[in-house]
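In: what shape does this take:
(2 chains)
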Amino acid sequence: MRSSIKDDFMDDTIAFSKNHEEPLWFQKMREEALNHATELQLPIFEKISYRGWRLDHPKAPFAEANTDNSFDLPETNNLLVQNGDQTLVNKLDPKLSEQGVIFTDIWTALKDYPELVQKYFLATALKPAENKLVALNLALMNGGAFLYVPKNVKVDQSIQSIYLQDNSQQKDYVHHVLVVADQGSEVTYLENFLSQGDQADNIANIVVEVVAAANSRVHFSALDQFGQHVSTYINRHGYVGDNARLDWAIGLMNDSQVVGDFGTDLRGEGGHSEAKVVAITTGEQVSGIDTKITNYGQHTIGHILQHGVILQSSSLTFNGVGHIVKGARGSDAQQESRVLMLSRTARGDANPILLIDENDVTAGHAASVGRVNEEQMYYLMSRGIDQETAQRLVIRGFLSSVITEIPEKEVRVRLTDMIERKLINGQQK
Amino acid sequence: MSTLEVKDLHVSVVEEDETKGQEILKGVNLKMSTGEIHAIMGPNGTGKSTLSQAIMGNSAYKVTQGDVLLDGKSILDMPVDERARAGLFLAMQYPAEIAGVTNIEFMRAAINARRDENDQIPVMEFMKKLDEKQGILDMTDEMSERYLNEGFSGGEKKRNEILQLLMIEPKFAILDEIDSGLDIDALKVVSRGVNSMRGDNFGSLIITHYQRLLNYIIPDQVHVMMDGRIVKSGGPELAKKLEDEGYAGLRDDLGLDVKLTDEI
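Out: Below is the predicted model:
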């Protein structure tokens, strides 16, 4: 008889939890999640098929991390660098810590601020039983971070993290990030997932929760760079309270196969979220991105903008889901998803999905799947610009409507550089 | 001195899903050198734009016979970008719009495409040149900072084509109906730009319906095209004669059996 995940990993989970001196309630949460994981389903997305990736079959979640610390550190006062459960850098401007801002690895947070973590961890934005992969993320979590901004604190500098995924050996990457902006606070957060090594076929299971409490403003940016042999599930989920605003800017620059599960719940009245997603796929890569905003509160605004470029034999699917529930009067759901295919063997799909259960609302969608505009190419090349450079200019133009919307210049510049590099790689025959 | 020669050129337009196109050019012969300005005039639907697109290398136009030679060498096997780097420029009637790419960025890329990778144009040098050329065309920095042709009026697009011409400084520029849709003031500005290029190292082939533009850019030679061929060549006075007598008059003088598109 085949063994279950529970049988395989219960002892190791408990040992890992004790070893990291987690509070008992957290250890129990893990055990319960592991007990229930087998009963839960994998999340289902329109036109995205990833069952064969076996994301629910981890092999070695608790292997020791190899540390290879060769990466460029960004210039910032507020930085967390982690490789699994090892924290390599953790600094925070003293002015911010004096104001009560917390930015640490998850175990320090569990030890020093257990009430805060318990209040929000898989309790507000997501629940452990959300789906099988979220449950497994809790049970097998082997890395994580916590950012907390207290009431009415306005953080005027960016807070950044680099999360390294060890792909030099067989080791599942199970990472959990919890960002809480308490009432009336403001924060700008940037995270960068980065694979190191290209030796193993690993699973990466990422869950990021963002809580934007009433009247808060959160700018969340992500640059994802998972390596070729990783099968990746990335769940980013936001809770938006009364008159709060949560803006996402997500750059998917992975070489791995990815299923992106991005959701925002506009729970409070007058909440607002703008979700902007840019993706480039190359090689044989398969990516499916499902971005959903649900308007629960009255007078809420949810906008989704996704642009993707597909090179070589890769495939990319964008779902945009705008859901206005009954009672969310005066709400607005808009979305635009566009993909550009650069080769005959590239495959792309853009699916607009509007679910409207209330009459007094505004909603709209646009979607397209296209090829590089020949007229634009001819024009650029008629000025002497070679085909590949011309192609990159046309693509940059295509992606710019998303990029220019990202408020932080530094993120825009980094993303533009990454796009340029990824395109150059993708153009190589 | 450089030369551009069109020899017995036959061109068909390739429509989508068709293997055999309709023949538009039926044997065009033309030879010009740098230092000269040639004008091509002719009624609508006679193949003037087809000639310009075929020289530049637009893939929608298929050369079925003849040759195009730059400095004695055939360019028909060259892709568009290579022809441009070899010294050809086409000011288009309908330039493409590209959001997200600024005019400045585009022009720098075009200039740098002609230079060695280790010898790209310094920013200061580029900006100085841009300033000077914008001045000739009464253009502002604001226009150059905008996205390429996006939201430009018809007149602004034509001006922007000429700005690129002045920045790139090709050997030969083909101006495809650069005067269409321009009022008299804009026409003067655009002509001033083209005239500033005149000299031993620059030649231009100006395609137009009307003689008006040729009052401002005086050509060395005028060619009249009808039904896919050049039917008459002469000096600037030929343009004046056409203005007076019309294309039908010339056709009848020449005893040609050609139906003009717009003839009633």
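
In: going forward, measure contacts and count neighbours with C-alpha atoms only.
Out: Noted.

In: the stretch 51-200 of chain B against chain A: which residues are in contact?
Out: Within the stretch 51-200 of chain B, the positions near chain A by Cα under 8 Å from any Cα of the partner chain are B:56, B:58, B:80-85, B:89-90, B:95-101, B:109-110, B:113-114.

In: can you select the buried ones from those in ChimeraX?
Out: Selecting the buried subset of these in ChimeraX, with 16 or more other Cα atoms under 10 Å in any protein chain shown as the burial test, is done by:
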select /B:56,58,80,81,82,83,84,85,89,90,95,96,97,98,99,100,101,109,110,113,114
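
In: who does the residue most central in space within chain A form a beta bridge with?
Out: When Cα atoms, centre = their mean is applied to chain A, the residue found nearest the centroid is residue A:236 (4.5 Å). Beta-bridge pairing for residue A:236 (DSSP bridges): residue A:208, residue A:262.

In: got a list of what it touches?
Out: Residues counted as contacts of residue A:236 (Cα atoms under 8 Å, 6 or more residues apart in numbering or on different chains) are A:207-210, A:261-263.

In: let me know the pLDDT of it.
Out: For residue A:236, the pLDDT comes out at 98.

In: same thing with the one 10 residues further on?
Out: Looking at residue A:246, its pLDDT reads 98.

In: from chain B, how far out is it?
Out: As for residue A:246, its distance to chain B is 25 Å (criterion: Cα to the nearest Cα, to the nearest Å).

In: repeat for residue A:101
Out: With Cα to the nearest Cα as the criterion, residue A:101 and chain B are 38 Å apart.

In: quick one: name the residues of chain A near chain B.
Out: Residues of chain A found near chain B (Cα under 8 Å from any Cα) are A:375-376, A:378-379, A:381-387, A:393-394, A:396-401.

In: show me the contact partners of the longest helix seen in chain B.
Out: Assignment by DSSP state H gives helix B:236-254 as the longest helix of chain B. Residues outside helix B:236-254 that contact it (Cα under 8 Å, 6+ apart): B:41-43, B:210-211, B:214, B:218-222, B:257-258, B:260.

In: tell me which of those fall in strands.
Out: Using DSSP state E, the subset of the contacts of helix B:236-254 located in strands is B:41, B:221-222.

In: between those residues, which is nearest chain A?
Out: The nearest member of the ones in strands among the contacts of helix B:236-254 to chain A, counting by Cα to the nearest Cα, is residue B:41 at 23.3 Å.

In: which one is the closest one nearest to, not counting chain neighbours?
Out: Spatially, and ignoring its direct neighbours in sequence, residue B:41 is nearest to residue B:224 (4.9 Å; Cα to Cα, 6 or more residues apart in numbering or on different chains).

In: swap in residue B:84?
Out: residue A:384 (4.7 Å).

In: check whether that neighbour sits in a helix, strand or coil.
Out: Look at residue A:384: counting by DSSP: H, G, I helix; E, B strand; the rest coil, its state is coil.

In: quick one on the thing from earlier: just the buried residues from the residues of chain A next to chain B, in ChimeraX please.
Out: Of these, the buried ones can be selected in ChimeraX as follows, counting by 16+ other Cα under 10 Å:
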select /A:376,378,379,381,382,383,384,385,386,387,393,394,396,397,398,399,400,401
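
In: how about the stretch 251-400 of chain A: which residue is closest to chain B?
Out: Taking Cα to the nearest Cα, the stretch 251-400 of chain A has residue A:397 as its residue nearest chain B, at 3.8 Å.

In: doesn't residue B:107 lie inside a helix?
Out: Yes - per three-state DSSP, residue B:107 lies within a helix segment.

In: which single residue of the stretch 1-150 of chain B ends up nearest chain A?
Out: The nearest approach of the stretch 1-150 of chain B to chain A comes at residue B:100, 3.8 Å away (Cα to the nearest Cα).

In: quick one, phi psi at residue A:142?
Out: Taking degrees, to the nearest 10, you get phi -130, psi 20 for the backbone angles of residue A:142.

In: I'd say it and residue A:173 touch.
Out: Yes - applying Cα atoms under 8 Å, one finds residue A:142 in contact with residue A:173, separated by 7.0 Å.

In: next one: stretch A:140-157 to chain centre, how far?
Out: With Cα atoms, centre = their mean, to the nearest Å as the basis, stretch A:140-157 stands 16 Å off its chain's centre.

In: kindly report the same for stretch A:159-172.
Out: Distance, centroid of stretch A:159-172 to centroid of chain: 14 Å (Cα atoms, centre = their mean).

In: repeat that for stretch A:231-239.
Out: The answer for stretch A:231-239 is 5 Å, by Cα atoms, centre = their mean.

In: one more: stretch B:248-262?
Out: On Cα atoms, centre = their mean, the centre of stretch B:248-262 falls 25 Å from that of its chain.

In: so which strand or helix has the closest residue to residue A:49 other than its chain neighbours?
Out: Leaving out its chain neighbours, the residue that sits closest to residue A:49 by Cα to Cα, 6+ apart is residue A:288, at 8.0 Å. Taking DSSP states H and E as the definition, one finds residue A:288 inside strand A:286-295.

In: what mean pLDDT does the stretch of helix or strand residue B:9 belongs to get?
Out: Using DSSP H and E, residue B:9 sits in strand B:3-13. Throughout strand B:3-13, pLDDT has a mean value of 96.

In: okay, that strand in CSV with CA atoms only?
Out: Coordinates of each C-alpha in strand B:3-13 appear next as CSV, following Å, rounded to 0.1, in the frame of the first residue of the first chain:
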residue,chain,number,x,y,z
THR,B,3,24.8,55.6,-56.6
LEU,B,4,21.3,54.1,-56.4
GLU,B,5,20.1,52.3,-59.5
VAL,B,6,16.8,50.6,-60.3
LYS,B,7,17.0,48.3,-63.3
ASP,B,8,14.0,46.9,-65.1
LEU,B,9,12.2,46.5,-61.8
HIS,B,10,9.1,44.4,-61.8
VAL,B,11,7.2,44.1,-58.5
SER,B,12,4.0,42.3,-57.4
VAL,B,13,2.0,42.9,-54.3
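
In: contacts for the following helix or strand past that strand, please.
Out: Following strand B:3-13 in sequence order, the next helix or strand is strand B:22-33 (DSSP H and E). For strand B:22-33, contacts defined as Cα under 8 Å, 6+ apart pick out B:1-14, B:38, B:46-47, B:50-51, B:66, B:203, B:227-230.

In: where does chain B have low pLDDT?
Out: Scanning chain B for pLDDT under 70 picks out the ranges B:16-20, B:261-264.

In: ranges for the helices of it?
Out: B:48-56, B:80-86, B:103-112, B:123-136, B:141-145, B:154-168, B:184-197, B:236-254.

In: picking that back up, my read is that the residue of the stretch 251-400 of chain A closest to chain B contacts residue B:102, right?
Out: No - applying Cα under 8 Å as the test, residue A:397 and residue B:102 come out as separate, 9.1 Å apart.

In: coming back round to it: can you redo the helices of chain B as TSV with distance to residue A:161?
Out: Below are these laid out as TSV (distance: least, Cα to Cα, whole Å):
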stretch	distance to residue A:161
helix B:48-56	51
helix B:80-86	43
helix B:103-112	32
helix B:123-136	35
helix B:141-145	34
helix B:154-168	44
helix B:184-197	53
helix B:236-254	71
